[in-house]
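# my questions are about this predicted structure, shown below with the sequence.
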Amino acid sequence: MKTLLQQLKERRLEVGFKQNDMLLRVGMSRQQYQHLESKGNPRLDTLELLAKGLNSELMLIPKEKLTAVLAILEQSPHHKPTDNHVNIKKTLSHQTSEESNAGNTLADNPWQFLFGDNE
């Protein structure tokens, strides 16, 4: 699995930004961004800022869900950013009223019912 710093660089290239562009996107000079991308140890607030500047989201993925998440991400390399949101909404809409009434809200467990488990 790629390091977070490798993923940042890959995402930056994917959206077509140069390191210099990060100054305008997140207020970080090219030199600061270059250092961070190559061998940095960013703080959480810096990672959140970078994610926002790269039109991305930071997530903690439970290890037991990692394989399923990676499979979803690899399904369609040329998908629109909203495609996954639509699929997630469709999956979550299959939640029964009994499950809803049991107090299992999306806020309590954002992974519930997404991969077919009923935890």
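Ah, there it is.

# what distance do you get for Q7 to L23?
Counting by Cβ to Cβ, to the nearest Å, the separation of Q7 from L23 is 21 Å. Every C-beta, even on glycine, is put in place using the N, C-alpha and C of the backbone.

# lowest confidence element among the helices and strands of the chain?
Lowest on mean pLDDT, DSSP states H and E among the helices and strands of the chain sits helix 97-101, with a mean of 43.

# which SSE is L36 in?
helix 30-39 (DSSP states H and E).

# let me fix that, I meant to ask about Q6.
Q6 belongs to helix 4-14, assigned by DSSP H and E.

# which elements pack onto the helix or strand following that helix?
Using DSSP H and E, the helix or strand that follows helix 4-14 towards the C-terminus is helix 22-26. Packed against helix 22-26 by the contact rule (3 or more Cβ pairs under 8 Å, 6 or more residues apart in numbering; DSSP states H and E) you find helix 30-39, helix 44-53.

# list the buried ones in the first one?
Buried residues in helix 30-39, counted by 16 or more other Cβ atoms under 10 Å: 32-34, 36-37.

# try stretch 66-74
Buried residues in stretch 66-74 (16+ other Cβ under 10 Å): A68.

# quick check: mean pLDDT of the helix holding L36?
Taken as a whole, helix 30-39 has an average pLDDT of 89.
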